[in-house]
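Peer 1: Structural data only, the sequence is not supplied:
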């Protein structure tokens, strides 16, 4: 399923689910003018087709003891596919890494890292560098305040 095969109903369902993934099918049906069974069928198809990748619970990082957010820029020594794959596997396993974005520009990869304190963050970056020899430089910024946090992707035609 590609963006071209998603109709307006699919996009509306995605918009509702992204705001609250626990919205009951009956409520989505009321908001979209579809039947609940049609809503469930569409959701199942979008999951099967990889449009819907998962459901998460968003927690308050401070309330669970992870009050600090670090923005980490990585410069890669050599962009060999095998070393990048090794780095990606490492990042996938590290739960403190909230996001990892491969980019163009001055840094090759940007990370968003949650940690309980500076020492915990330092331990993460030490492991990162020790276990990934292709990292040339790590530059860190400490977040003072988060203005917005989310993963909402605009899906409706009128969002452009």
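Peer 2: Sure thing, it's come through. Only a predicted model underlies this, so the values are computations on that prediction, with no experimental measurement involved.
Peer 1: how long is stretch 125-145 end to end?
Peer 2: Here the two ends of stretch 125-145 are set 21 Å apart, with distance taken as Cα to Cα, to the nearest Å.
Peer 1: what does it contact?
Peer 2: For stretch 125-145, the external contacting residues (Cβ atoms under 8 Å, 6 or more residues apart in numbering) are 68-78, 80, 83-84, 86-87, 90, 94, 107, 121. No exception for glycine: its C-beta is placed from N, CA and C like everyone else's.
Peer 1: Buried subset of those, written for ChimeraX?
Peer 2: What follows is the ChimeraX syntax for the buried subset of the contacts of stretch 125-145, where burial is set by 16 or more other Cβ atoms under 10 Å:
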select :68,69,70,72,73,74,76,83,84,87,94,107,121
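Peer 1: Could you chop this protein up by domain?
Peer 2: If the domains of the chain are taken from automatic domain parsing, they occupy 8-57, 62-142, with pieces of a single domain joined by a plus sign.
Peer 1: Let me see the mean pLDDT of the shortest one.
Peer 2: Read it as domain 8-57. The average of the pLDDT scores along domain 8-57 is 97.
Peer 1: give me every residue that touches the spatially most central residue of the chain.
Peer 2: Among the residues of the chain, the smallest C-alpha distance to the mean C-alpha position (Cα atoms, centre = their mean) belongs to residue 99, namely 5.6 Å. Residue 99 makes contact with 110-112, according to Cβ under 8 Å, 6+ apart.
Peer 1: Check residue 84 too.
Peer 2: Applying Cβ under 8 Å, 6+ apart to residue 84 gives the contacts 76, 102, 134.
Peer 1: ok so it is a helix residue?
Peer 2: Yes - when classified by DSSP: H, G, I helix; E, B strand; the rest coil, residue 84 is found to be part of a helix.
Peer 1: Going along the chain, name the strands of this protein.
Peer 2: 68-76, 97-102, 109-115, 135-142 (DSSP state E).
Peer 1: Provide the strand pairings for the longest one, with the direction of each partner.
Peer 2: Just to be clear, that refers to strand 68-76. strand 109-115 (antiparallel), strand 135-142 (antiparallel) (DSSP bridges).
Peer 1: Quick one: closest of these to residue 58.
Peer 2: Comparing those against residue 58 with Cβ to Cβ, the closest turns out to be strand 109-115 (12.4 Å).
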